[in-house]
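> sharing a model prediction with you, sequence too.
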Amino acid sequence: MEEAPRAPETPRVTAWDSIARAAPGAPVCSIVIPTYNGRALLERCLAAIERHRPVDPRMAIEVVVADDASTDGTAEWLAERNPWARVVRLERNGGFCAAANAGIAAARAPFIQLLNNDAEPTAGWVEAGLAPFAQAAVGSVAPLVLVRDDPARVDSAGDAYTFFGWPTKRGHGEPAQRWADRTPDEAFGASGSSAFYRSAALEKVGGYDALLGAYYEDVDLAFRLRWAGYVCVFTPRSVVLHEVSATYDHRRPALERALSRNAEIVFWSNMPPAMLALGLSPRLAFLAAQWVWRLVRGRGGPFLKGKLDALRLASAVRDRRRLRRGLARSAPRAPRFALGLGSVIDLANHLGRPRSSPRA
């Protein structure tokens, strides 16, 4: 297996440094890990966190595992083998958003990283991930996420979103070194596999939307943060390895249906009116192309059912649009949405997207 590219030297971090001086010993960053029957994945994730804990004594972190009513003995194993991790246990399985929100509610630090149980941080990831928060407008930070089985390839360099409603992972499948050498820049949002957030920003916009369950929840949150006047910064200096799609089986019709539904909820709930008018015709053409693509692969039915599910939630979408307008009215700065056009490169990356090797 190839080595992950070496990240550039981490610059001096003032955001967490001043907080650490104000509250010595208190956690500066809470690592929140939602998990459901993922003990094997979690073991590797926690081992990487322990191995790469910040050496600076001012950079205290805490780990909060949000156990979504697992039945594989996760809670008992954590108590016995990893008592340093705080456990928030849900009595009933509520899905990724519910577990993530429970972990966020229990977090005590001014910054939070939402980390998948199938992800592994690398040395210096926290220090570098918090550096951009020195700017008050930064509400989230996207690390450089590499494919764990093939760390020479990128999983995500932050998320992008087009004006016609196509979310993509920047750099997906591209050579890692191409992104490791970049200067930190603005991305639309941070991938939910490993996103850093300002706790006050999450409190303002409300965390993840439980209606979505799982998938597109990070895109929806990125939109709400932007409605509230925040931006997202991508930094290649914070590197995380991610086992792509280890948690969910994308071949299941139920998941295909949920993805189709959530895509519409996110688009119609969040797009600014001017962009909505501009993107309507391209959106319809895009949906037609998506349906044909799935139809020839025998997956057209779940796709259409998902769209009908979204149509039945029209009143919920209207409520969410009102909430977005409220965020904009109270924002300290005008919302900026950073929507793209998409490209042939994005399409090629999507069609040739990397997948982790099946686990034995």
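Yep, that arrived.
> can you name the residues in contact with the top helix by length along the chain?
Longest helix in the chain by number of residues (criterion: DSSP state H): helix 273-295. For helix 273-295, the surrounding residues in contact (Cβ atoms under 8 Å, 6 or more residues apart in numbering) are 162-166, 256, 267-268, 271, 300, 302-304, 307, 337, 339. Where C-beta positions appear, they are placed from N, C-alpha and C, glycine not excepted.
> show me which of the residues you listed are buried.
162-166, 256, 267-268, 271, 300, 302-303, 307, 337, 339 (16 or more other Cβ atoms under 10 Å).
> Glu50 and Ala123, how far apart?
Noted for Glu50: a distance of 12 Å to Ala123, by Cβ to Cβ, to the nearest Å.
> for Ile265, same thing?
The gap separating Ile265 from Ala123 is 38 Å, by Cβ to Cβ.
> same question, Ile104
25 Å.
> which one's more surrounded, these two?
Between Ile104 and Ala123, Ile104 has the larger neighbour count (other Cβ atoms under 10 Å), namely 22 against 17.
> pull the CA atoms of the helix or strand that one falls within into PDB?
Secondary structure assigned from DSSP states H and E places Ile104 in helix 96-106. What follows is helix 96-106, C-alpha atoms only, in PDB (Å, rounded to 0.1, in the frame of the first residue of the first chain):
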ATOM      1  CA  PHE A  96     -26.800   8.800  11.400                       C
ATOM      2  CA  CYS A  97     -28.300  12.300  11.900                       C
ATOM      3  CA  ALA A  98     -29.900  11.400  15.300                       C
ATOM      4  CA  ALA A  99     -26.600   9.800  16.500                       C
ATOM      5  CA  ALA A 100     -24.500  12.700  15.300                       C
ATOM      6  CA  ASN A 101     -26.800  15.200  17.000                       C
ATOM      7  CA  ALA A 102     -26.700  13.300  20.200                       C
ATOM      8  CA  GLY A 103     -22.900  13.300  20.100                       C
ATOM      9  CA  ILE A 104     -22.800  17.000  19.300                       C
ATOM     10  CA  ALA A 105     -25.100  17.900  22.100                       C
ATOM     11  CA  ALA A 106     -22.800  16.000  24.600                       C
END
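> remind me what that helix packs against, helices and strands.
For helix 96-106, the contact count by 3 or more Cβ pairs under 8 Å, 6 or more residues apart in numbering; DSSP states H and E identifies strand 29-35, strand 61-67, strand 86-89, strand 111-114, helix 217-227 as packing neighbours.
> just want the angle from it to helix 217-227.
50 degrees (axes from the mean of the first three to the mean of the last three Cα atoms, to 10 degrees).
> quick check: angle from helix 96-106 to strand 61-67?
With the same axes, to 10 degrees defining the directions, helix 96-106 sits at 140 degrees from strand 61-67.
> quick check: angle from helix 96-106 to strand 29-35?
For helix 96-106 against strand 29-35, the angle by the same axes, to 10 degrees is 150 degrees.
> thinking again about what came up before, so can I have a markdown table of the helices and strands packed on helix 96-106 showing mean pLDDT?
As requested, the helices and strands packed on helix 96-106 are arranged in a markdown table below (pLDDT from 0 to 100):
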| stretch | mean pLDDT |
| --- | --- |
| strand 29-35 | 97 |
| strand 61-67 | 97 |
| strand 86-89 | 96 |
| strand 111-114 | 98 |
| helix 217-227 | 98 |
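> Glu127: which of those is closest?
For Glu127, the closest of these is strand 29-35, at 9.3 Å, according to Cβ to Cβ.
> who are the packing partners of the next helix or strand after that closest one?
Sequence-wise, the next helix or strand downstream of strand 29-35 (DSSP H and E) is helix 39-51. On a contact count with 3+ Cβ pairs under 8 Å, 6+ apart, helix 39-51 meets strand 29-35, strand 61-67, helix 74-81, strand 119-121.
> quick check: longest strand in this structure by residues?
Using DSSP state E to define each element, the chain has its longest strand at strand 231-242.
> quick check: angle from it to helix 39-51?
110 degrees.
> and strand 231-242, average pLDDT?
Mean pLDDT, strand 231-242: 98.
> packing partners of it?
So strand 231-242, by 3+ Cβ pairs under 8 Å, 6+ apart, packs with strand 119-121, helix 125-130, strand 138-147, strand 150-156, helix 176-180, strand 185-187, helix 217-227.
> do that again at 7 Å, thanks
Contact here means 3 or more Cβ pairs under 7 Å, 6 or more residues apart in numbering; DSSP states H and E; on that basis strand 231-242 packs against strand 119-121, helix 125-130, strand 138-147, strand 185-187.
> adjacent strands (with direction) for it?
Here strand 231-242 has these sheet partners by DSSP bridges: strand 119-121 (antiparallel), strand 138-147 (parallel), strand 185-187 (antiparallel).
> and those strands as JSON lines, adding mean neighbour count and distance to Lys204?
Conversion of the strands paired with strand 231-242 to JSON lines gives the following (neighbours: other Cβ atoms under 10 Å; distance: least, Cβ to Cβ, whole Å):
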{"stretch": "strand 119-121", "mean neighbour count": "25", "distance to Lys204": "26"}
{"stretch": "strand 138-147", "mean neighbour count": "28", "distance to Lys204": "9"}
{"stretch": "strand 185-187", "mean neighbour count": "17", "distance to Lys204": "20"}
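> just put those in TSV and tack on distance to Cys45 and mean pLDDT.
Shown next, in TSV, are the strands paired with strand 231-242 (distance: least, Cβ to Cβ, whole Å; pLDDT from 0 to 100):
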stretch	distance to Cys45	mean pLDDT
strand 119-121	6	97
strand 138-147	14	98
strand 185-187	23	97
